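**Q** next one to model:
(2 chains)
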Amino acid sequence: MLKATLITGRTMHQGMGLEYGKFSEFYKEKVAIIFIDPEDLEKSNIQHGDTVRVKTPYGETVVVAQKSKEAPHKGLVFMPYGPWANLISGAETNGTGMPHFKGIPCEIERAPNSKVLDLEALLMQYLGDE
Amino acid sequence: MRTITDVVCPVCGCLCDDLEVHIDDNDQIVKVKNACNSSIAKFTSVMKERILKPRVHGKEVSLDEAIDEAAKILANSKFPLLYGWSTTTVEATKKGILLAELLGGVIDNTSSVCHGPTVLGIQEAGVITGTLGDVKNRADLIIYWGSNPLESHQMHLTRYSYMSKGRFYKSKKERTMVVVDVRKTRTARLANKFIQIRPGEDFELAAALRMAIKGQVIEQEEVAGVPVSEIEKFADMLISARHGVIFFGMGVTMSEGKFANIEQLVRLVQDLNGFTKFIMIPMRGHYNVKGSGSVLDWITGYPFGVDFSREYPFYNPGDTTSVDILRRKECDSALVVASDPVAHFPISVIKYLKKIPLIAIDPHESATTKIADVVIPTAIAGIEAEGTAYRMDAVPLKLKKLIEPPEGILTDEEVLERIYERVKEIKGD
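**A** Model prediction:
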């Protein structure tokens, strides 16, 4: 298990994915991911391409681990903006209107038996009729 | 086949205005020149996941029925939230403001989850800013702070900053670029100097730089993970520039401190103007998020989070902003125009959005249209509809209509006008 600080942000592929379609395979491939520092990957026995569960005080999400090309940034992990990251971002704004999208403490562990949900299934699981 | 030149790109806040769009005899866009990857993706995906028929509770209906249902929901609400506006025209936002006033609701744009803290910081301290033309022609020191334009604004470096050919600085050889970030991003790898800071310590670094440029002693070995000797060298670089600019992004506005980070950057730029010329420009994301704020500003006095429930415009971020209103479960319906909060807001507030009547106006399917009670498809602004958009430096540019929208599809402005008129009828005005 890896303890880290999560930041979310824009990537070019995430921006392109918005245009190709939110329900496209491209969007899911480029957004339902987490970039981890190579040394952190090794230390926590997570491989590039592994399915991982990311937990924060606000929730948990299942995404694919990727080796960061923007290293070194030990202890810091990055996820593109989107529905998978927003399962673990916080809605408190401290009087600014801006929720917690960056600087969130998180734990990451391998989740070989879990599946990365596609957007349709994610909406159904979290927002389906009760 | 026809070619339209000088097309303004409706993707990011760069609003590049030199695109060349090739359209075949079937009115389909087949090629775009001078465009970045995101722009090509948009121009060549016009019909992907396109909504062609209005829907009410998942069933296809006529446009009149959808507008009637949307108007009834809004007219019967005590406090509707009107959110989005960053990927449509200024003219559509204007209609949205009139509708919010008529309804006594709140109108907010995506600034509240991007550069809202920039507005708050500027309201605290003022701002010394300029245009991208200033930067292109005159700036010799370019700083990207918490911003990664090679990913988010792909033409920014070549059209407006480090690699642009300006009047007084012709190439990157004549300029210096510095990147301040928590990761060595693609942009950082191109920079002459990369300053890697600890996450959430932008305020501290800006404050230390303010001390260093004034020659004050910093009684620490490092600040924000940066050795003081590095900070002092960076400070020398700042005051030695002939014309410097700080472009700043979500790395600053979303990190710990939020608006206080911006205020500190503003103060740094103000201090630097005691030595040389320095400006700051926010890296606005969506192509017209600046415009939606500007039109709100000139009509109501406030650029986002404007509440009309008191029958006059009231603004108090943290109170009148979308995430807060949804978190506190205050609104009793929502109208989302040209945005996808279901994909971009924290899930806890989206669960409430799902419970209230939700109307979505959008050309394409999104996470929001999938859960909306009423869906009204519209033309794509800047491709199928003309209008005005504001670049990140507040320069307004004209969006062109390049091709016809699918049959029966109106513009955002026309749909909002019809909803407005129907709400007026229902309310008996």
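
**Q** give me the phi and psi for residue B:414.
**A** The phi and psi values for residue B:414, taken as degrees, to the nearest 10, are phi -70, psi -40.

**Q** got the contact list for it?
**A** Contacts here follow Cβ atoms under 8 Å, 6 or more residues apart in numbering or on different chains; on that basis residue B:414 touches nothing. C-beta: built from backbone N, CA, C; applies to glycine.

**Q** quick check: it vs chain A, distance?
**A** Residue B:414 is 24 Å from chain A, where distance means Cβ to the nearest Cβ, to the nearest Å.

**Q** confidence score at that residue?
**A** Note on residue B:414: pLDDT of 98.

**Q** residue A:130 too?
**A** For residue A:130, the predicted pLDDT is 56.

**Q** would you agree residue A:14 is in contact with residue A:28?
**A** No: the pair residue A:14 and residue A:28 does not pass the contact test of Cβ atoms under 8 Å, sitting 10.9 Å apart.

**Q** tell me the phi and psi of residue B:306?
**A** Main-chain dihedrals, residue B:306, degrees, to the nearest 10: phi -100, psi 120.

**Q** go on, residue A:108?
**A** Backbone geometry at residue A:108, expressed as degrees, to the nearest 10, gives phi -120, psi 130.

**Q** repeat that for the one 3 residues further on.
**A** For residue A:111, the backbone dihedrals (degrees, to the nearest 10) come out as phi -140, psi 70.

**Q** tell me who's in contact with residue B:221.
**A** Shown in contact with residue B:221 (Cβ under 8 Å, 6+ apart): B:227-228.

**Q** then residue B:270?
**A** Taking Cβ under 8 Å, 6+ apart, we find residue B:270 in contact with B:125-126, B:128.

**Q** quick check, it in a helix?
**A** Yes: counting by DSSP: H, G, I helix; E, B strand; the rest coil, residue B:270 falls inside a helix.

**Q** how long is stretch A:17-28 end to end?
**A** Terminal residues of stretch A:17-28 are spaced 8 Å apart (Cα to Cα, to the nearest Å).

**Q** please read the previous query as pertaining to stretch A:30-39.
**A** One end of stretch A:30-39 to the other measures 22 Å (Cα to Cα).

**Q** buried set for it?
**A** A:30-37 (16 or more other Cβ atoms under 10 Å in any protein chain shown).

**Q** ranges for the helices of chain A?
**A** A:12-20, A:25-31, A:38-43, A:119-127 (DSSP state H).

**Q** before we move on, what about the stretch 1-150 of chain B?
**A** For the stretch 1-150 of chain B, helices defined by DSSP state H, counting those that start in this stretch occupy the ranges B:37-43, B:63-75, B:90-103, B:116-125, B:132-138, B:149-152.

**Q** still on that earlier bit, got TSV for the helices of chain A, with distance to residue B:279 and mean pLDDT too?
**A** Formatted as TSV, the helices of chain A follow (distance: least, Cβ to Cβ, whole Å; pLDDT from 0 to 100):
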stretch	distance to residue B:279	mean pLDDT
helix A:12-20	26	96
helix A:25-31	34	97
helix A:38-43	38	96
helix A:119-127	40	95
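
**Q** most tightly packed of these?
**A** Most buried of these, by mean neighbour count (mean count of other Cβ atoms under 10 Å in any protein chain shown): helix A:12-20, with a mean of 22.

**Q** other SSEs contacting that helix?
**A** Under the contact criterion of 3 or more Cβ pairs under 8 Å, 6 or more residues apart in numbering or on different chains; DSSP states H and E, helix A:12-20 touches helix A:25-31, helix B:37-43, helix B:149-152.

**Q** ok, now with 7 Å
**A** helix A:25-31, helix B:37-43 (3 or more Cβ pairs under 7 Å, 6 or more residues apart in numbering or on different chains; DSSP states H and E).

**Q** now what about the first one, what contacts it?
**A** Contacts to helix A:25-31, defined as Cβ atoms under 7 Å, 6 or more residues apart in numbering or on different chains, come from residues A:11, A:13-14, A:17, A:20-21, A:80, A:82, A:84, A:118-119.

**Q** out of those residues, who's nearest chain B?
**A** Checking those against chain B with Cβ to the nearest Cβ, the nearest one is residue A:21 at 3.8 Å.

**Q** minimum distance to residue B:282: which of the helices of chain A has it?
**A** Nearest to residue B:282, of all the helices of chain A, is helix A:12-20, at 17.6 Å by Cβ to Cβ.

**Q** quick one: name the residues of the stretch 251-400 of chain B near chain A.
**A** B:253-256, B:258-259, B:305, B:317-318, B:321, B:323-324, B:327, B:343-351, B:354, B:365-367, B:370-371 (Cβ under 7 Å from any Cβ of the partner chain).

**Q** quick one: buried ones out of those?
**A** For these, buried by 16+ other Cβ under 10 Å: B:253-256, B:258-259, B:305, B:317-318, B:321, B:323-324, B:327, B:343-350, B:354, B:365-367, B:370-371.

**Q** no further queries at this time; thank you.
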